[in-house]
Every structure is written in structure tokens, then in C-alpha cells.
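S.K.: Below is the sequence, then the predicted model.
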Amino acid sequence: MADSYFPKGMPLPQGTVDDQEYWAWTRRHRLMIQRCTKCGTFRHNPIPFCYNCRALEYVWVDQIPPIGVVYSFTIVRAPAHPALVGRPPFNIVLVELPRAGGVRLASNLVDLRGGDGKEPVSQVARWNSPAKVPAFEPDPKSIYVGMPVEVVWEDHEDVTLPLFMPSADPEAVAAAERHPKAAPPKTGRTG
Amino acid sequence: MPWSMRDKTCIVGIGETEYTPWGQQRRSEFQLACEATLKACEDAGLPVEQVDGICGYSDDRNNGCRIATALGIPQLRFNNMFWGGGGGGAAGNVGNAMMAVYSGMANYVIAFRALAQGQFSRFGQSGAGPRVQGDGAHSAPFALMNPVHNYALQTRRHMHEYGTTEDHLCNISLASYKHAQRNPRAVMYGRPLTRELYHKSRYISEPLHLYDCCQETDGSAAVLVTTPERARDLKQRPVYLMAAAQGTGPRQGAFAGNKPNFATANFSETARDLWARAGIEPKDVQVAQVYENMTGMVLMSIEDHGFCKRGEGGPFTEGGRLEHKDVAEKGAPNAGKLPINTSGGNLAEAYTHGLELVNEAVRQMRGTSTCQVEGAEICLVAAGPGVAPVSDLIVRR
């Protein structure tokens, strides 16, 4: 991506002993989630112990393809950091990873479109030349809980963030279809 | 067998400074803390020299030892901090005072909160630097850096799962604002809210409007806890502490949206303890003070405490149920059934991280609230929704 989703001056991650490997993997454009070798429980954020069985041994499970489903989202209208003054509206999404036991990532949804800004870019074109495809702010009205999404890598000087974009990947679509649907509203406007 | 601490301690004094919008207070936060402490003692009729315990929460900047030093307290026997940020300890620090008194660690314990954000940094703003480490590294770079964002995500999820609407959230905000119009101490006194104004107001973080969010105000509040025996020599009729509970459910400290039971306020386990200790049920409560960081979390708190079933919190707010019967619309079918935040709460009275809600619970039990619920015998204080730990308190006449 040519530009970052947020302006310069936003905080960027700095790895610690517990999660530096995670960030080393994102730098190589790999979304890796910890899984306990003993009991198979996935976990995120990266931590030394399995919360289910306390084992220390784990493996990194590569998310191929790196797909997910929007679990919840918000459109932010008020800046909460000096670097964000003038930036809203923007979105924050929680993305559930079906290939990693449903752990969630906090992230942002971007939209990638062709040069005319209208047609979504095909999967193949994006994988072949991701750097050439500009990112757009998705229409806030288009974001919904249960939306199939896939990773877009946002490279900064020395760290890479996993962002997401709408996905037509069959596995993402299938996962989204399994996602619990919204209950019908019980009431309308009430007094 | 009843819980050993039930009714064995009581609140005998409440104190508070004036409440002012963020940044307008000229006296120091530390002075406000001392003033609220002195006022609680004065209300009780206790010389401040007798205070021998001080409890705080939410990383209060005003260490009890500083207060004791400044006020010339000859011996401090208990100086205590409740872990966790935000309002999670508003009831819990009174619970800690209760334990100190019951156990004999101290005789007269102050539980307080002082907050003058105008003199320090704002909770509504992140001061994150260019690099973040640990849990924050997985949220702040994506602008998930403020409580309102987390609660917006939880509220959106609740809407998705159960069909909760913005109008339901409005009902919670309206209750607080209507109650504040009868409370001259409230920062929002004289500034009524209507349903139209709510829906026209700007979003802070969708689906949360401006009026869904707590204020940022300056002020301090304190309560004085002792035993019923000692209370006999004091001025006020004691308000009994029936039960207290604190803690957190499974993995509720997980970051970046990884909490299980995501669309809840993290009270399920704590509330279960609370009702068992008090030996009562939700239906026995006539009035409740439910901490509002954001309205969606109030709705989830109501569900967590069993006032209604999970997912029914939205419809539960309808028909004026959360409003005092005298301020509800005429003919509202549920008017006054469970008035909440009868002083205006965090939304419309003041944001002293919920300690003002404990003061209001005491006023309801004394019969001196500006929105007095007739015949109120028992009041719940639920503090901290969505944070970990949270805390609860039940007081009775």
C-alpha cells in the first residue's frame, strides 16, 4: 500500500519478548497465531502460557489464506489522539479468524479498488501486485458484522500491520455464512 | 447461613465537593480529596482525627498517607488501593473499607475518589507515544485506544446478537438527564435532554452518541464507613452495607476484543456472589445506581445482574422503567419500576469515577435524594461495566 490508513504520528508496535516473533512474521507478510501444542487452544495476543492447560510449548499457525469475519466494528467520529485530529471518520474492526479457533484481531478495514476507484481488484491481481493498488476508505455503510474479509499488509518503515479488506475468498465467504446472524429487532423506536 | 459481613458495617457520612466541567476547577485535585474527606466526617459528626483508614481506587493520585498527613490524622491503620482503572473500584473500595472495619484493621475508614482531569491528562484522550508495547501494540496502532471504542464494539455486538437499538441506549441517557434536572449539584442541571436532541447529537464512536458517553468533570466524593455500634455515637442514621462483591469473569482481561462473553459487562460472576451474600434477589431492589461509562454497558450491567434475561436489556429500558415515576412521561407503562442513577449519574451529575453513585445510594436510603424513590429500602451500586475487575455493593436502610 502506498499510504498508511492513519496519518504519521500514530503509535506503532514495538515487540517485546512475548510478541516480537508475531511482529517479525507480519513483517514477512505472514499472519501467524499461537497454538498450544499440548491441548490445541489458539490464543492472541501472544503470551507465554496456554490459558487452558498452562503449557509453555506452542507453534505458530500460518493463516493461509489470511481470512476472517468481522465480529464487530465502530465508525469513529471524534479523534482520541493528537495524530488523528482531522482524520475521522475512520473504522475500527474486530476480525474473528476462523482458521485460528475464532481468536480476534483489532484492525481497520480498507477497500482496494482499481485505477478508476470503482471496480474491486481481483484476488489474483492483488496478490500479484499489492503495492500498486491504492487503499480507499470503505463506505462506512458497507461494513457489517459477519462480513468476509482478508488481510492487507500495511508496511511501515520497520514494522508491518495486518489490515483487512472485503473478501470474495470462498473460505472467508463460507466462514461468514457460518457466522451467527443478527436477531431481528424486537422493537422499533420506543418511548 | 448468612454471609458473615452482612449488615456488620455501615456508611455514616458522605461528602463531596462541588462538581464542575472539565478544566474549570481552580483548587488542586489533592485539596478536593481532602475537602471531600472532611465533609464526610462533618456529615457524620466525627472529628477527622478519628479517621484511621483511607481507601482509593483507579490509581488515584492522592495517596491516603498524603491526605492523612495534610489533615493531621494521628494514626493511619489502613491505606489501600483497589486495582484496576476506570470505575471498576467505585463500589470495591467501599467493599475494602468494609473489610477493614469488619476485621478490626481500622475503625473509621474513608473511601474516596478525587478527579480533576483538567489539571492532569484526560481519560478521553490517548497520550500514546510513537511506539507502544505489550497489549497496547495490538490495539493502539489501529486507533483502538480509548474506552469509548471498546464499548462501541461491545455495544455493536450486543445490537447484532439481540436487536438492541440506539433508542434503547437513549432511554438510559434520558433517565440520567431527567434525574439531573432535579439535582442542583449536577453539572447538567438546567440542561435537559430530549429524545430528539439525543438522536440529532453527533456520534463519538458509532453506535455511541455524545449523550451515551460519561462526562469529564472535576470534583471529589467520599464516604465514611464504620460499625453500627460506633455509629450510635454519630449524627446520621447508619446506612447498612448488606453485601459487597468484586472480581472478574473468565479471561475478561483479554485485550483487543478477545474477551469471551463479549457482549456483557463482566458482572455475571460478581453479581451471583453479591445476591447470595445479601440473601436477596434483583426484585428486592427498588432503586439502583449503575455506573455509566457508556450507556450500552449499563444495559449489559442490568442483564448481568439478572434484572432481565440476557439480550432483553433493550426492551427492559422501555416505557420509562429506568426513570423516577415523577419525571417519566405521563402514562408511561413501566414508569418508576427500576429508577437508576437518580442523581444524574456519570452522564449528567458528575464523573467522579462512580463514587458519586455511592453517595446517591446513601441519600436514597436516608430519604434525602432529589429524586427520592418512595419506600426505597435497598439500593444496588454496580461499578465499572466492561472493565476488569468490576465491583458491586448493596446498601439498605
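M.R.: Everything's here; your move.
S.K.: those helices in chain A, which residues are they?
M.R.: A:20-27, A:123-128, A:170-178 (DSSP state H).
S.K.: Least reliable of those helices by average pLDDT, please.
M.R.: For these, mean pLDDT drops lowest on helix A:123-128, to a mean of 50.
S.K.: Need the winner for burial among the helices of chain A.
M.R.: helix A:20-27 (a mean of 17; mean count of other C-beta atoms under 10 Å in any protein chain shown). The way it works is simple: take the backbone N, C-alpha and C, and place the C-beta from them, glycine included.
S.K.: Select the helix or strand of chain A having the lowest average pLDDT value.
M.R.: helix A:123-128 (a mean of 50; mean pLDDT, DSSP states H and E).
S.K.: phi, psi of B:M81?
M.R.: phi -130, psi 130 (degrees, to the nearest 10).
S.K.: pretty sure it is touching B:R61, no?
M.R.: No - using C-beta atoms under 8 Å, B:M81 makes no contact with B:R61, being 11.2 Å away.
S.K.: ok, B:R6 to chain A distance?
M.R.: Using C-beta to the nearest C-beta, to the nearest Å, B:R6 is found at 34 Å from chain A.
S.K.: separation between the nearest residue in space to that residue that is not next to it in sequence and B:R157?
M.R.: Counting by C-beta to C-beta, 6 or more residues apart in numbering or on different chains, B:M242 is the residue found nearest to B:R6 once chain neighbours are left out, at 5.6 Å. Between B:M242 and B:R157 the computed distance is 33 Å (C-beta to C-beta, to the nearest Å).
S.K.: Among those two, which residue is more densely surrounded?
M.R.: A side-by-side neighbour count of B:M242 and B:R157, using other C-beta atoms under 10 Å in any protein chain shown, places B:M242 first with 24 against 21.
S.K.: wait, what's in contact with that one?
M.R.: Each residue near B:M242 by C-beta atoms under 8 Å, 6 or more residues apart in numbering or on different chains is listed here: B:R6, B:D7, B:R277, B:A278, B:G279, B:I280, B:I378, B:I394, B:V395, B:R396.
S.K.: Identify the residue nearest A:P46 in space, chain neighbours excluded?
M.R.: Using C-beta to C-beta, 6+ apart and skipping the chain neighbours, the partner closest in space to A:P46 is A:D19 (4.0 Å).
S.K.: For B:K309, which non-adjacent residue is spatially closest?
M.R.: Nearest one to B:K309, counting by C-beta to C-beta, 6+ apart, is B:E303 at 7.1 Å.
S.K.: I'd like to know which elements the helix or strand hosting the one you found is packed against.
M.R.: For B:E303, the host element (DSSP states H and E) is helix B:295-304. With contacts defined as 3 or more C-beta pairs under 8 Å, 6 or more residues apart in numbering or on different chains; DSSP states H and E, helix B:295-304 has these neighbours: helix B:147-162, helix B:166-180, strand B:287-290, helix B:313-316.
S.K.: residue boundaries of the strands in chain A?
M.R.: Taking DSSP state E as the test, the strands found in chain A are A:12-13, A:32-36, A:42-43, A:58-62, A:67-76, A:90-96, A:104-107, A:111-112, A:135-136, A:148-155, A:160-166.
S.K.: Is the last one in proximity to chain B?
M.R.: By that I understand strand A:160-166. Yes - on the criterion C-beta under 8 Å from any C-beta of the partner chain, strand A:160-166 is in touch with chain B at A:L161, A:L163.
S.K.: repeat for the first one
M.R.: Yes - judged by C-beta under 8 Å from any C-beta, strand A:12-13 comes into contact with chain B at A:L12, A:P13.
S.K.: cool, and the fifth one?
M.R.: Yes - residues of strand A:67-76 are located near chain B by C-beta under 8 Å from any C-beta, namely A:Y71, A:S72, A:F73, A:T74, A:I75, A:V76.
S.K.: A:W25: which of those residues is nearest?
M.R.: Taking C-beta to C-beta as the measure, A:W25 sits nearest to A:Y71 out of those, at 22.0 Å.
S.K.: Next, count neighbours for the closest one.
M.R.: For A:Y71, using other C-beta under 10 Å, the count is 23.
S.K.: swap in B:Y57?
M.R.: Neighbour count of B:Y57, defined by other C-beta under 10 Å: 31.
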